[in-house]
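1. pasting the sequence and the predicted model now:
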Amino acid sequence: MTSNSKRRDALIVGAGTTGAVLALELAAHNVHTIVIDRGDGDQAGLEHLSGRSMELLRRLDLAAGIRRAGVDADDETDVVWSAGLDRPPVFVARRPSVSQLVQRYATVNDGSAPAEHHQQIARKQLAQVLRAAMRAERCIDLREGWTCHAVRVAEDGAAVTAVDERTGAQHTIQARYVVGCDGPRSTVRRCVDVGVAAMAGQHMQYRAIEFRSKDLALHARGPGLTTIVVGDLTILSRPERHLWVGHAPVGLMGPGDQLRARLGASVEVLGVQDWDDSLPVAQVYRRGPVLLAGEAAHGFRPAGDTADTGIGDAVDLGWKLAAAIHGWGGPALLDSYEAERRPRALMDRELLARGLETRLRFGRLAAAGAPQDYLAGFLRQEPAPGDDVGIGYGGRYAASPVVWPERGNPPGLQAHRITPSTWPGGRPPAVRLADGGQLFDRLGPGLTLVDLTDGAEGRGLAAAAAARGLPVAHLPVADPAVRACWGRRLVLVRPDQHVAWRDDAVPDNWNAILDRVCGNSQ
């Protein structure tokens, strides 16, 4: 049986983390979306969400629920490096707990303290939080058990052919925009003929084995989560009791027997997955009305247990799609999604590849008989797990076509600390206001003109934008802590908490600035 539905503004294929956050972001901008997904959100594994991702999720009122469902705030995370489980650790890198970070930054209010810290959560629990939010949202039509079979680009949008697996009914859904969030083997990407670019060089084949072992409990250093690197084998604990995942080059680890021999422990194998370190990134993120996000755009799993890149995609694309649908975003705005997010995926890929290479080199050094102090010295030269305060919060869209450029050199990053700055393209400093609230919580759902002038000089600018139909909120701020670190008296902030423009004086050509920021520049 085949049915046709009415044309929708947006259709999302895939309701994983990226698809769910994108749907909720669109709903926050009052865009009605249909989301189809073949599963029900029952996913294995652990999600590491950076503090920056938690700041973005806070905008959608999701951060508190994720923390309630996630790993306890007092739990630390250790990375234990060892030449063998029967030997003392060579090096232990400790990541502070959320509670420790909250205490560390309790009295810091110079813009270097983030509004949110990292969070770890079982992927199944995260899916439950996000799907509950989608089901409660009137703007989202979630259809679970639906599989996308085909995508066809049309003159006025795209048509998706999907099958309801429970009834066998086939449906054709027409939409103005279609977003593929359907994973590394994306049907959407294949249907619009988008290739992927792997990292240069030869690639290593890996095997991931999910297993249960009570014998490894003694190697976990506390109630938190532990990563143990034993030569060229990496094993990661999971929130579920006695559950682990091991990763190693395929030639060095078979489905079970070799793992038991390497660990010297009793092991119950639960699942096996092979993967490689090619870490592909889509060659383009858009084909007309069809866009890609999350793992459909960059296949980083299972090499990395984080949805950070996908969450960044969802928020960036969400407000730009909403602007296009509501009519105030120009053609260059939606084009800027790829210009901003694909370079970020390439940078994230390099960091992930470096981590994989560090593990391989450690394994080779250990196998060569390198002494303990030599191995420890090698590891001290490599990036260690931190508290995310630095690169994660300092991400900047340096060459964005929809950010007003500024001459000069932006400030750099101090070690593990944010250099507070409202440099265009970057995230502005998060500041606690005198009443105890966060400045970020005062930013509007659209563009926000933060006005630090004495006479609220930006009021006329916001009114001029509103007269053009642009959603620019005016936010006068007299708080001395904000004025001390924001650097300019007038700062235009985008919905994704990135600075679009700043100056100390009312500009002569405000319309030219708005045209660029909203994608209407020629």
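-> That came through, no problem.
2. so who does the closest residue to Ala297 other than its chain neighbours touch?
-> Leaving aside its sequence neighbours, Ala297 sits nearest to Ala282 (CB to CB, 6 or more residues apart in numbering; 4.6 Å). C-betas here are computed from N, CA, C, even on glycine. Neighbouring residues of Ala282 by CB atoms under 8 Å, 6 or more residues apart in numbering: Arg189, Val194, Gly195, Val196, Ala197, Leu292, Ala296, Ala297, His298, Arg342.
3. show me the residues you listed that map onto strands.
-> Cross-referencing those against strands under DSSP state E gives Val196, Ala197, Leu292.
4. isn't the first one right up against Leu279?
-> Yep, that's Val196 we're talking about. No: contact criterion CB atoms under 8 Å: Val196 and Leu279 do not qualify, at 9.7 Å.
5. where do the contact lists of those two overlap?
-> What both Val196 and Leu279 touch, as defined by CB under 8 Å, 6+ apart, is the set Gly299.
6. between these two, which is the more surrounded one?
-> Comparing Val196 with Leu279 by other CB atoms under 10 Å, the one with more neighbours is Leu279, at 25 against 17.
7. and that one, helix, strand or coil?
-> coil (DSSP: H, G, I helix; E, B strand; the rest coil).
8. nearest residue to it in space, please, no chain neighbours.
-> Going by CB to CB, 6+ apart, Leu279 has Arg349 as its nearest residue, at 4.8 Å.
9. confirm that neighbour sits in a strand?
-> No: with three-state DSSP as the criterion, Arg349 is helix rather than part of a strand.
10. residues touching it, list them.
-> Applying CB under 8 Å, 6+ apart, the residues contacting Arg349 are Met199, Leu279, Val281, His298, Phe300.
11. go on, His474?
-> Leu449, Asp451, Ala456, Gly458, Arg459, Leu461, Ala462, Ala463 are the contacts of His474 under CB under 8 Å, 6+ apart.
12. give me the element it is part of.
-> Assigned by DSSP states H and E, His474 falls within strand 472-476.
13. give me the pLDDT value at Ser53.
-> You'll see Ser53 listed with a pLDDT of 96.
14. okay, and Met54 sits in which element?
-> Met54 belongs to helix 51-58, assigned by DSSP H and E.
15. hmm, who's touching the helix or strand that that helix is followed by?
-> Once the chain leaves helix 51-58, the next helix or strand it forms, by DSSP H and E, is helix 63-69. Defining contact as CB under 8 Å, 6+ apart, one finds that helix 63-69 is touched by 49, 54-55, 57, 73, 98, 116, 119, 121, 125-126, 128-129, 133.
16. in the stretch 351-500 of the chain, which spans are helices?
-> 372-380, 459-467, 480-485 (DSSP state H, counting those that start in this stretch).
17. got phi/psi on Thr77?
-> phi -130, psi 120 (degrees, to the nearest 10).
18. count the residues that sit near it.
-> 21.
19. separation between it and Arg349?
-> Using CB to CB, to the nearest Å, Thr77 is found at 23 Å from Arg349.
20. correct me, but Ser50 touches Pro114?
-> No: assessed by CB under 8 Å, Ser50 is found out of contact with Pro114, at 9.6 Å.
21. ok, the residue nearest to Pro302 when sequence neighbours are not counted - contacts?
-> Counting by CB to CB, 6+ apart, Pro302 lies nearest to Ala208, which is 5.2 Å off, once chain neighbours are set aside. Going by CB under 8 Å, 6+ apart, Ala208 touches Val245, Gly246, His247, Val272, Gln273, Asp274, Trp275, Pro302.
22. what helix or strand is the third one on?
-> According to DSSP H and E, His247 maps onto strand 243-249.
23. which stretches in the stretch 151-300 of the chain count as strands?
-> Ranges of strands within the stretch 151-300 of the chain are 157-164, 170-180, 196-197, 205-212, 225-230, 233-237, 243-249, 268-276, 281-282, 286-287, 290-292, based on DSSP state E, counting those that start in this stretch.
24. nearest to Gly45, of those?
-> strand 243-249 (7.4 Å; CB to CB).
25. report the buried residues of that closest one.
-> Leu243, Trp244, Val245, Gly246, His247, Ala248 (16 or more other CB atoms under 10 Å).
26. Ala303 against Leu356, yeah?
-> Yes: the criterion here is CB under 8 Å, and Ala303 meets it with Leu356 at 6.3 Å.
27. okay, and the common contacts of those two?
-> Counting by CB under 8 Å, 6+ apart, the shared contacts of Ala303 and Leu356 are Asp277.
28. from Gln174, how far off is Ile34?
-> 10 Å.
29. those two - which one has more neighbours?
-> Legend: neighbour count by other CB under 10 Å for Ile34 and Gln174, higher for Ile34 (22 against 18).
30. pretty sure that one contacts Asp9?
-> No: counting by CB under 8 Å, Ile34 stays clear of Asp9, with 9.1 Å between them.
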